[in-house]
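Engineer: Whatever this is, show me its structure:
(2 chains)
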Amino acid sequence: MNNPDQKEYRFTRDSLRKKFRLSEFLSEKIITGVAFLSITIIVLIFFFVFKESLPIFRSEKKAAVKVESIQKQEQYGVDTSVTSNASGQEQYGVTTKDTLMIENQAPERDTVAHGSEQATLKSLVGKQWLPVSDNPRYGLIPLIVGTLKITLIAMLFAAPIAILAALFSASFAPYWLREIIKPAIELLAGFPSVVIGFFALMVMASFFQNIFGYDGRLNAFVGGVAMALAAIPIIFTITEDALTAVPRTYTEASLALGATRWQTALFVTLPAATPGIFAAILLGIGRVFGETMIALMATGNAAMISANPFESVRTLAATIGAEMAEVVFGDTHYSVLFLIGSLLFIFNFSLNAMAEFWVKGKLVKRFQGKQS
Amino acid sequence: MSKRKSLTGGIFIGATALSAFLIIAVIIVLLVVIILGGKGTFSWEFLTAFPTDGMMKGGIFPAIYGTALLVLIMSVAAVPFGTITAIYLTEYASEKSILAQTIRFAVRTLATVPSIIFGLFGLGFFIKFVGGGMDNFFLGGELKWGQPNILWASLTMALLTLPVVIVSVEEAIRTVPRELREASLALGATKWETIKRIVLPGSRAGIMTGTILAVSRGAGEVAPILFTGAAYYLATLPTSLSDQFMNLGYHIYIMATQSANVDQTLPIQFATTMVLLMLTFMLNLTAVIIRARLRRKAK
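Structural biologist: Numbering: from 1, shown residues only, chains lettered A, B, ... in the order given. As a prediction, this is how the structure comes out:
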């Protein structure tokens, strides 16, 4: 402290440089590494779900390639035998690279229906889903139609209700009421889907049957309404965020020009928030599309194609949930279920990417006044 | 202003209010119906007894125990990783960097991946790839880890709940005032020391909320564990990580759809649903309250 001899401290470039500390270095590297985990998981999910669905394409390819190259064909032969053998895991991983490449060409081949003896792939575009019969058919069409149908029903209920409710909460409700509505809907988001499914199965199904008087208790309509319950919180929350993000100046200008509150809400706030609402609907669709438990419990699970909302449907996700536990590891049915999983994942990923980049970018631009 | 216009306005506002109240009404009806249906069967006995008579009678203790174990292992995996990711996003990454944006996108994608896909991933990755690999490597092909069990189910669930943790913790870290960080740095503390001594303690409530929300989500999800470890009925509680387990949500699903006597076990189903609903409801309510307090503090 009182040291008269203390040399005047000079700040040189060298003395000001950050000192190397091992703990700092390690903590930064570890934290960055862990942060990569999320990206890794996404990639792994895609890779592994897709990988398990590959044998379908491989078996098709085996037939088609026979003429082209004997050498390769042998490899696939090895491969398929390994798949059915659970202990051959490591070898399986090595050959994936080849199979991935092959996969790229396979879809076109199968839709053209190459006339090969492998009926599996051809039946993928068929209209019958009969995976456990003597002549198994894996037609995805009824499942896709069923999923789309139930998504449509759910969104017809969820989107208007959720958007109107969000508008109420954002534009009209007094503060205290908003403080009740928002947490309540947050709580609805926390209801497990199996609980909603159970409610639909036990209560809603009978209730709607009494009203509409249809035959099958469980059908697309009941499932759709139940799924709307699952989708409403998502659509509501994102729409509400988008509505409250509309700059105050917009509403103030509108009010100053003599518009009433509802006119402002309907003609100024709502249009300004359209991209956000669109994103909300996309994410709501994603939620319904992949919902498993409600579909399993409330839709009746019969794979049929019909336009009647009171017929039973079987969705893609429910098919995986219902059948995966009973299939033999590595057989065609197993691979087809993973293929359905890949489809779901790709669809959901695209929806999310669309909501993320396209819609949000637009929203930001609009509020900054760069676009009309 | 013409009368017709104000009438339209009244109808419009009425419609928005009606929608909001409809949602609230449905929530209340759902809660009331489930509670009324389950109240009669619910008792201390029900919570602490094993199912008896081929699951026709008795309690749901193994399902509660299995669910608790599941969320415990899941939290041990998800909370630290989620917290660290949140720290990276708020403290290390710059907002505009491509890496941070990619991670954010990945987190949001992870949050929207259908839960059944996690189940498939758990089966393909954890059970077949990791578990099967472990069996081959350590046990010479004997089947121990390469089949559904509570460890793989919990890890699968951890992936599902990771975004929940990340989002909550990130939000909490942002409420720690900049001045505190700067004061700490000005006093000579390093970045890591600042994070450890200032940022993390300051965001304890957020980590709490994230954990609670994750637990509530993990306790309620069934699709990811359908084929990664949940069992219909087990006479004993799981004792090792390679055991299967019973689960509340799975119990409801099985009892309501797959059992032979759905009508006879209806009271048990309602009571089980009530237990699960109350559990998740309480957890979420706690999280909502903590979060509301946190947000008020941030303002």
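
Engineer: drop to CA atoms for contacts and neighbour counts, all remaining ones
Structural biologist: Fine.

Engineer: quick one: pLDDT of the closest residue to A:Gly284 other than its chain neighbours?
Structural biologist: Nearest in space to A:Gly284, with sequence neighbours left out and distances taken as C-alpha to C-alpha, 6 or more residues apart in numbering or on different chains, is A:Ala231 at 5.1 Å. A:Ala231 carries a pLDDT value of 95.

Engineer: chain center to the helix or strand hosting A:Ala231: distance?
Structural biologist: According to DSSP states H and E, A:Ala231 maps onto helix A:220-245. Distance of helix A:220-245 from the chain centroid (C-alpha atoms, centre = their mean, to the nearest Å) equals 15 Å.

Engineer: Stretch B:39-59 now?
Structural biologist: Using C-alpha atoms, centre = their mean, the offset of stretch B:39-59 from its chain centre is 25 Å.

Engineer: give me the number of residues near the residue in the stretch 201-350 of chain A that chain B sits nearest to?
Structural biologist: As assessed by C-alpha to the nearest C-alpha, chain B sits closest to A:Gly290 within the stretch 201-350 of chain A, at 4.7 Å. When neighbours are defined as other C-alpha atoms under 10 Å in any protein chain shown, A:Gly290 has 26 of them.

Engineer: Find the nearest non-adjacent residue to it, please.
Structural biologist: B:Pro114 (4.7 Å).

Engineer: In contact with the one you found, which residues?
Structural biologist: In this structure, B:Pro114 makes contact with A:286-287, A:290-291, A:344-345, A:348, judged by C-alpha atoms under 8 Å, 6 or more residues apart in numbering or on different chains.

Engineer: Tell me if I'm right that the residue nearest to A:Gly284 and A:Val288 touch.
Structural biologist: Yes - taking C-alpha atoms under 8 Å as the definition, A:Ala231 is a contact partner of A:Val288 at 6.5 Å.

Engineer: Overlap in contacts, the two.
Structural biologist: Joint contacts of A:Ala231 and A:Val288 (C-alpha under 8 Å, 6+ apart) are A:Ala154.

Engineer: Tell me which residue lies nearest the centroid of chain B.
Structural biologist: The centroid of chain B falls nearest to B:Arg217 when counting by C-alpha atoms, centre = their mean (1.9 Å).

Engineer: Wasn't A:Phe191 part of a strand?
Structural biologist: No - A:Phe191: not assigned to a strand; according to DSSP: H, G, I helix; E, B strand; the rest coil it is coil.

Engineer: My guess is it contacts B:Leu279. True?
Structural biologist: No - look at A:Phe191 against B:Leu279 with C-alpha under 8 Å: they stay out of range, at 10.0 Å.

Engineer: So for those two, which sits in the more crowded spot?
Structural biologist: Between A:Phe191 and B:Leu279, counted using other C-alpha under 10 Å, the more crowded position is A:Phe191 (26 against 17).

Engineer: and that one, how far is that from A:Gly224?
Structural biologist: Distance, A:Phe191 to A:Gly224, by C-alpha to C-alpha, to the nearest Å: 17 Å.

Engineer: Check the contacts of B:Pro114 against A:Phe48 and report the nearest one.
Structural biologist: A:Phe345 (11.6 Å; C-alpha to C-alpha).

Engineer: Was I right to think the closest one contacts B:Ser115?
Structural biologist: No - A:Phe345 is beyond contact range of B:Ser115, at 10.2 Å (criterion: C-alpha under 8 Å).

Engineer: Report the secondary structure element holding A:Ala302.
Structural biologist: Using DSSP H and E, A:Ala302 falls outside every helix and strand.

Engineer: Could you check how many residues crowd around it?
Structural biologist: A:Ala302: 18 neighbours (other C-alpha under 10 Å).

Engineer: Next: the one 10 residues further on.
Structural biologist: Residues contacting A:Ser312 under the criterion other C-alpha under 10 Å number 25.

Engineer: Who's the closest spatial neighbour of it, skipping the chain neighbours?
Structural biologist: Nearest to A:Ser312 is A:Asn219, by C-alpha to C-alpha, 6+ apart, at 4.0 Å.

Engineer: Quick check: pLDDT value at the one you found.
Structural biologist: 87.

Engineer: who's in contact with it?
Structural biologist: Counted by C-alpha under 8 Å, 6+ apart, A:Asn219 has contacts A:298-300, A:309-313.

Engineer: Would you check which pair of these lies furthest apart?
Structural biologist: Among the contacts of A:Asn219, A:Ala298 and A:Pro309 lie farthest apart (C-alpha to C-alpha), at 13.1 Å.

Engineer: Now the common contact residues for those two.
Structural biologist: A:219-220.

Engineer: So which of the two has more stuff around it?
Structural biologist: The neighbour comparison of A:Ala298 against A:Pro309 (other C-alpha under 10 Å) goes to A:Ala298, with 31 against 17.
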